[in-house]
Each structure stands twice: as C-alpha cells, then as structure tokens.
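*Asks:* Quick one, what's the 3D model for this:
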Amino acid sequence: MSGTPPDPTIRRLRRRRRGGIFRWAVVACVVAVLVEVGAVTNGFGVPAALGRHGGSGSGPGVDPANPYDVNVTAIRAAIVYGGGVQVFPALQGTDLCPGCPESPRENTNFTPPVAGIWFYFNVTNVGNNISQITSFALSSSGTNPHLFVLVGVLCCYPSYEEEVGNTTFGAAGSDWDSWGFEALAVAAYLPYNGGLGYELYFNATSPS
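*Replies:* Just a heads-up that it's a prediction; the model follows:
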C-alpha cells in the first residue's frame, strides 16, 4: 500500500447501509471493469507481452502481472471546478502517493490476478459553501493511457465500507467538511518500459 492511512481525526461519513441489491451491483461493476481491461489489453495481454519483451529489462520475477517489477512513480491529482472556486486543495496538483516509487503487487482477488496499488487521500472543503467531488477517473503515462483501471474509490476512514461516485462536503469548519478515502488502481499486465515506470493521473470534478 502506498503512503499511510489518513489522519484519525478525519471523521467517518455516516451513510445508510445498502442491502443485497447494492452489493450485487458492485460485484457486477467489478466484473464489467475486468471485461473492459481484457478487451483493451487483448485478453489481458499476458501471452503477447511475454513474447514481446523476451530478455529485455531485469528479467521476469514472480508476479505474473508485473514480472519486471515496474514502479508507479507518482499519482498526480487534478480537479476541474464547474463554478471556478477552488475549494479542494488536496486534489490540486498534489501527489497522492507519498511512498512512491512503488511496485504494484499481485492482487489475487481478480481472475486472472492483476497488479494493484492502493492509495489514500484526505480531502477538506476550505470554502464557505457545501460542495461535492465526483466523476473520478484515472489515466497513466506512456503509450497506453488506459494501462491502469480505477476499480473504485471507497469512503471513509477508518473502515472504507462504501464505494462512492460522489461525496458531499459541508462548508469549512462544519462537522463534515473532511473525509478520508481509499482507492485501488489495477493493471492486467505491466510491460517493461526501460525503467521509467508509470505516473498515474487521478482526476475528479467539483460541479459547484
């Protein structure tokens, strides 16, 4: 895991627990993500990638999704404001991976296994009005901007129980102006790229 978990002063978002329908919907979404990754990388790309790289680089390791121990060098955050008022400094050009460079490791919760990297970030609304962040997206450096897929963003510290597509923040100084998040990015296969590694770009939108 990259970095350290968010500060314990971050308050946990109180949300209703959703029932079985929501959980099955989440499972369906994860399956859809994997299907998309497979399509983009030609069936997860493992056979072709192994043949393409041959003996280049440092040589295969034990992780089938990241055999060359390729690093993520940084996770850069950026946010677009619909109203123009910049109220979320934590997402304005910051690096969400203080522990990088970090090598994504095998995640066997997926079939076939993928190379995954978890990252954590705190977000505080410094504005005078209630505001939202939404439309989370991820891309990567290199020739394939879709090399990594954002599986989901979970809220909130310390339990990270719920996947969220948007989050509402109270005005600065309120009891709910700050939340701590956890996110997972995965790649079906990380090709060797001359030791440069890959920089990830985490994007969000604040509509108000």
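*Asks:* Point out where this protein drops to low pLDDT.
*Replies:* Applying pLDDT under 70 to the chain flags the ranges 1-62.
*Asks:* mind listing the strands for it?
*Replies:* In the chain, the segments counted as strands under DSSP state E are 72-81, 105-107, 114-124, 131-140, 149-155, 162-163, 166-169, 178-187, 198-206.
*Asks:* what's around Val149, how many residues?
*Replies:* Counted by other CB atoms under 10 Å, the residues lying close to Val149 total 21. Every C-beta, even on glycine, is put in place using the N, C-alpha and C of the backbone.
*Asks:* follow-up on the earlier one: looking at the strands of the chain, spot the one closest to Gly93.
*Replies:* Of all the strands of the chain, strand 72-81 sits nearest to Gly93, with 6.5 Å by CB to CB.
*Asks:* Now the strands of the chain in JSON lines, please, with extra columns for distance to Gln92.
*Replies:* Formatted as JSON lines, those follow (distance: least, CB to CB, whole Å):
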{"stretch": "strand 72-81", "distance to Gln92": "6"}
{"stretch": "strand 105-107", "distance to Gln92": "29"}
{"stretch": "strand 114-124", "distance to Gln92": "11"}
{"stretch": "strand 131-140", "distance to Gln92": "12"}
{"stretch": "strand 149-155", "distance to Gln92": "17"}
{"stretch": "strand 162-163", "distance to Gln92": "24"}
{"stretch": "strand 166-169", "distance to Gln92": "15"}
{"stretch": "strand 178-187", "distance to Gln92": "16"}
{"stretch": "strand 198-206", "distance to Gln92": "10"}
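*Asks:* Of all those, which one is nearest Cys97?
*Replies:* Taking CB to CB, strand 72-81 is the member of these nearest to Cys97, at 4.1 Å.
*Asks:* Which positions in the closest one come out as buried?
*Replies:* Buried positions in strand 72-81, judged by neighbour count with 16 or more other CB atoms under 10 Å: 72-77, 79.
*Asks:* what do you get for stretch 172-191?
*Replies:* For stretch 172-191, using 16+ other CB under 10 Å, the buried residues are 176-191.
*Asks:* Which one of those is nearest to Cys156?
*Replies:* Among the buried residues of stretch 172-191, Trp179 lies closest to Cys156 (CB to CB), at 4.7 Å.
*Asks:* So what pairs up with the closest one in the strands?
*Replies:* Here Trp179 sits in beta bridges with Val123, going by DSSP bridges.
*Asks:* same question, Leu184
*Replies:* Under the criterion used (DSSP bridges), Leu184 bridges to Trp118, Gly152.
*Asks:* Hmm, Val149 and it touching each other?
*Replies:* No - using CB atoms under 8 Å, Leu184 is not in contact with Val149, being 9.3 Å away.
*Asks:* Report the separation between Arg76 and Asp95.
*Replies:* Using CB to CB, to the nearest Å, Arg76 is found at 6 Å from Asp95.
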